[in-house]
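K.L.:
below are the sequence and a predicted model for it; my questions follow.
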Amino acid sequence: MTESVIEIKHPLMQHKLTLMRCKETTTDNFRRLLREISQMLAYEVTRDLPLENVRIETPITAIDAPTISGKKLCVISILRAGNGILDGMLDLLPNARVGHIGLYRDPETLEPVEYYFKVPEDMAERLVIVVDPMLATGHSAAAAITRIKMRGATSIKFVCLLAAPEGVKHLQAAHPDVPILTASIDQCLNEHGYIVPGLGDAGDRLFGTK
């Protein structure tokens, strides 16, 4: 993997991820764990945001204190499972603008098919964080980022819970300028395009649809 791929090895995150992988974990606990890990992912992906000093008064004295400079962030969820990460990130980034892109994977070709796209207008002026729990084949992520770039975004990061090496390779080839941040790079994809060992279908486990 290259420097553009960051695998976070924080003990708390790895512990919670193990609980999420377990097939006995209930829907409510899966949802809670994803939200908690997403908050930690938000912390990591915003680590290098630019700062500027502003004049404030504490109860004791006036100081020049750091605050985030420039326009606020935009978090774009790849539907539907991306909303699980989106919710956790908005806990820490309540002022972020939000976009959604709807893609489903054709079961035969494994290629993405778009059915919904709604993002803020001023994408060129924002850091865009694209979120989806699973980077499997990488086709959906690459297609989503292509569409987002067409709307003018130039500063983009991709955040996922799990990544397969095949998905990382595909996304890097399609968008070498987009850093990937993940809690784990797993072993491989199986013949059905699922991440191994993975945690199953993140959307189904998040929403209890299976």
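P.N.:
Sure, I can see it. Everything numeric here is computed off the predicted structure, so don't read it as measured data. Numbering: from 1, shown residues only.

K.L.:
so after the longest helix that the chain contains, what's the next helix or strand?
P.N.:
For the chain, the helix with the greatest residue count under DSSP state H is helix 27-45. On the C-terminal side of helix 27-45, the closest following helix or strand by DSSP states H and E is strand 51-57.

K.L.:
follow-up on the earlier one: what packs against the longest helix of the chain?
P.N.:
helix 11-21, helix 82-92, strand 155-163, strand 180-185, helix 202-207 (3 or more C-beta pairs under 8 Å, 6 or more residues apart in numbering; DSSP states H and E). From N, CA and C alone the C-beta is placed, and that goes for glycine too.

K.L.:
okay, the angle between the first one and strand 155-163?
P.N.:
Here the directions of helix 11-21 and strand 155-163 differ by 60 degrees (axes from the mean of the first three to the mean of the last three C-alpha atoms, to 10 degrees).

K.L.:
for helix 11-21, C-alpha coordinates in PDB please.
P.N.:
Below are the C-alpha coordinates for helix 11-21, written out as PDB (Å, rounded to 0.1, in the frame of the first residue of the first chain):
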ATOM      1  CA  PRO A  11      -6.700  -0.100  19.900                       C
ATOM      2  CA  LEU A  12     -10.200   1.200  20.600                       C
ATOM      3  CA  MET A  13     -11.100   1.200  16.900                       C
ATOM      4  CA  GLN A  14      -9.800  -2.300  16.400                       C
ATOM      5  CA  HIS A  15     -11.700  -3.600  19.400                       C
ATOM      6  CA  LYS A  16     -15.000  -2.100  18.200                       C
ATOM      7  CA  LEU A  17     -14.300  -3.400  14.700                       C
ATOM      8  CA  THR A  18     -13.900  -6.900  16.100                       C
ATOM      9  CA  LEU A  19     -17.300  -6.600  17.800                       C
ATOM     10  CA  MET A  20     -18.800  -5.400  14.500                       C
ATOM     11  CA  ARG A  21     -17.400  -8.400  12.600                       C
END
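
K.L.:
please point out which parts of that helix sit buried.
P.N.:
Buried residues in helix 11-21, counting neighbours by 16 or more other C-beta atoms under 10 Å, are found at 13, 16-17, 19-21.

K.L.:
what does stretch 116-128 contact?
P.N.:
The contact list for stretch 116-128 (C-beta atoms under 8 Å, 6 or more residues apart in numbering) reads 49, 70-76, 79, 97-102, 147-148, 151-157.

K.L.:
repeat that with 10 Å
P.N.:
By C-beta atoms under 10 Å, 6 or more residues apart in numbering, the list of residues contacting stretch 116-128 from outside reads 45-46, 48-50, 70-76, 79, 96-103, 144-145, 147-158, 178.

K.L.:
what's the span of that stretch from first residue to last?
P.N.:
18 Å (C-alpha to C-alpha, to the nearest Å).

K.L.:
tell me the mean pLDDT over it?
P.N.:
Average pLDDT, stretch 116-128: 91.

K.L.:
equivalent analysis for stretch 88-97, please.
P.N.:
Stretch 88-97 comes out at a mean pLDDT of 92.

K.L.:
same deal with stretch 69-82?
P.N.:
Rounded mean pLDDT across stretch 69-82 is 88.
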